[in-house]
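1. Turn this into a model:
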Amino acid sequence: MHFGIGFDIHPFIEGRKLVLGGVEVPFEKGLDGWSDADVLVHAIMDALLGAAALGDIGVHFPPGKPEYKDISSLDLLLRVKQMVAGQGWAIQNIDATVITEKPRLRDHIDIMREKLGKALGLHINQVSVKASTSNGVGEIGQGKAVAALAIASLTRDTNT
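-> Here you go, the predicted structure:
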């Protein structure tokens, strides 16, 4: 079994939709980034790539490339899933935490889990998403950014 850890953080910006875990979350700001800036999916992608020793998302999907401008991070997650599977790995589970003061995410967590599970070919019980705050500390606590942490576990795919 291999494990990987992922982390991502993006600042809030006016004039964009807020997308977390592939879900559009109603809020007055979105996240700044080249793709849709979905910090949750980015952290999961890095966790998967790390567990398979395949680098990070910046290596595979560098910012500045026109084909990745405003792309759905779920589309990129599908590509990461294929890369990991191509190396003979099967995803066992994902555990992730989104850290933000606002908006509150409780009502969106299960939808995020479903979307992530569908993209990864996992049962919802193999995908954990939690939300936390930073209790007013730092850029996140001041409502200027959102971060996410994730861990992924992989095993050798016995079907290959």
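2. need the helices for this protein, in chain order.
-> Under the criterion DSSP state H, the chain carries helices at the ranges 39-51, 57-60, 73-86, 109-120, 138-141.
3. With D157 as the reference, name the closest of those.
-> For those, the distance to D157 is smallest for helix 73-86, at 6.8 Å, taking C-beta to C-beta. All C-beta atoms are positioned from the backbone trio N, CA, C, and that covers glycine.
4. between that closest one and helix 39-51, how big is the angle?
-> Taking axes from the mean of the first three to the mean of the last three C-alpha atoms, to 10 degrees, one finds that helix 73-86 is oriented at 10 degrees with respect to helix 39-51.
5. and the most centrally placed residue in the chain, how far is that from G22?
-> For the chain, V41 is the residue whose C-alpha lies nearest the centre (C-alpha atoms, centre = their mean; 1.5 Å). As defined by C-beta to C-beta, to the nearest Å, V41 lies at a distance of 6 Å from G22.
6. okay, and the common contacts of these two?
-> Contact criterion C-beta atoms under 8 Å, 6 or more residues apart in numbering; residues shared by V41 and G22: S73, L74, L116.
7. Quick one: the helices of the chain as CSV, columns for distance to G4 and mean pLDDT too.
-> What follows is these, written out as CSV (distance: least, C-beta to C-beta, whole Å; pLDDT from 0 to 100):
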stretch, distance to G4, mean pLDDT
helix 39-51, 3, 98
helix 57-60, 12, 94
helix 73-86, 9, 97
helix 109-120, 14, 97
helix 138-141, 23, 94
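8. Quick check: closest non-adjacent residue to T100.
-> In space, and not counting its chain neighbours, T100 is closest to V146: 4.4 Å by C-beta to C-beta, 6 or more residues apart in numbering.
9. Which residues are in contact with the one you found?
-> Applying C-beta under 8 Å, 6+ apart, the residues near V146 are I9, H10, F12, L20, L31, V39, V98, I99, T100, I140.
10. same thing but at 7 Å, please
-> Under the criterion of C-beta atoms under 7 Å, 6 or more residues apart in numbering, the contact list for V146 reads H10, L31, V39, V98, I99, T100, I140.
11. and those, which of them are in strands?
-> Of the contacts of V146, the ones assigned to strands by DSSP state E are H10, L31, V98, I99.
12. Quick check: the third one touching A131?
-> Yes - with contacts defined as C-beta atoms under 7 Å, V98 counts as touching A131 at a distance of 5.1 Å.
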